[in-house]
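S.K.: here is my input; please provide its structure:
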Amino acid sequence: MATVFTWAITNLDRETADGFVFTAHYTVSAADDAYSSGVYGSIGFERPENLVPFAGLTEEIVIGWVQEAIGGDEKVAEIKGILQKQLDEQRTPTKASGMPWPS
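M.R.: Down below sits the predicted model:
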C-alpha cells in the first residue's frame, strides 16, 4: 500500500517575445491502491540571467523550478505529508456527519 506522489505541470504562462516563463501551474497527486488526493498551485518566477528556450523546456525541468521556488526539499516533504494525512483520513476516518435516527 505504498503511496505514489506525482508532480505535473498543467500550464505555463510566458512572454511571447522571448519565451520567458513567468508562471507555472502545477498539481501534486498522491495515490495508493484504494485512495487518492491532490493539490493544485501556481508559482511565479523571476527572470533568470540565462533563459532556457521555451521549446527546450521539459516537464522535469519546470517541476524542478517549481519545487525549488516553493521552498525546496522541506516544502516538498511538507506537501507529501499533507497529502498522506488526507489519504490516511480516507482510509480510517476520524470525523463523520449524519443523524442517529432515520430521516
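S.K.: can you pull out the strands in the protein?
M.R.: For the chain, applying DSSP state E gives strands covering 4-14, 21-31, 36-44.
S.K.: tell me the mean pLDDT over the first one?
M.R.: Across strand 4-14, pLDDT averages out at 98.
S.K.: with only the CA atoms kept, save it in PDB.
M.R.: C-alpha atoms of strand 4-14 as PDB (Å, rounded to 0.1, in the frame of the first residue of the first chain):
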ATOM      1  CA  VAL A   4       2.800   7.300  -5.100                       C
ATOM      2  CA  PHE A   5       3.300  11.000  -5.400                       C
ATOM      3  CA  THR A   6       3.100  12.600  -8.900                       C
ATOM      4  CA  TRP A   7       4.000  16.100  -9.800                       C
ATOM      5  CA  ALA A   8       2.700  17.500 -13.100                       C
ATOM      6  CA  ILE A   9       2.700  20.900 -14.900                       C
ATOM      7  CA  THR A  10      -0.700  21.800 -16.200                       C
ATOM      8  CA  ASN A  11       0.100  25.100 -17.900                       C
ATOM      9  CA  LEU A  12       2.800  27.700 -18.400                       C
ATOM     10  CA  ASP A  13       2.400  31.500 -18.700                       C
ATOM     11  CA  ARG A  14       5.100  33.100 -20.800                       C
END
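S.K.: got the contact list for that strand?
M.R.: The contact list for strand 4-14 (Cβ atoms under 8 Å, 6 or more residues apart in numbering) reads 20-32, 40, 54, 57, 59, 62-63, 66-67, 80, 83. Placement of C-beta: from N, CA and C, glycine included.
S.K.: in the protein, which residue is closest to the centre?
M.R.: With distances taken as Cα atoms, centre = their mean, the chain has Val28 as the residue nearest its mean C-alpha position (2.8 Å).
S.K.: if I look at that residue, how far off is Trp101?
M.R.: Distance from Val28 to Trp101, counting by Cβ to Cβ, to the nearest Å: 41 Å.
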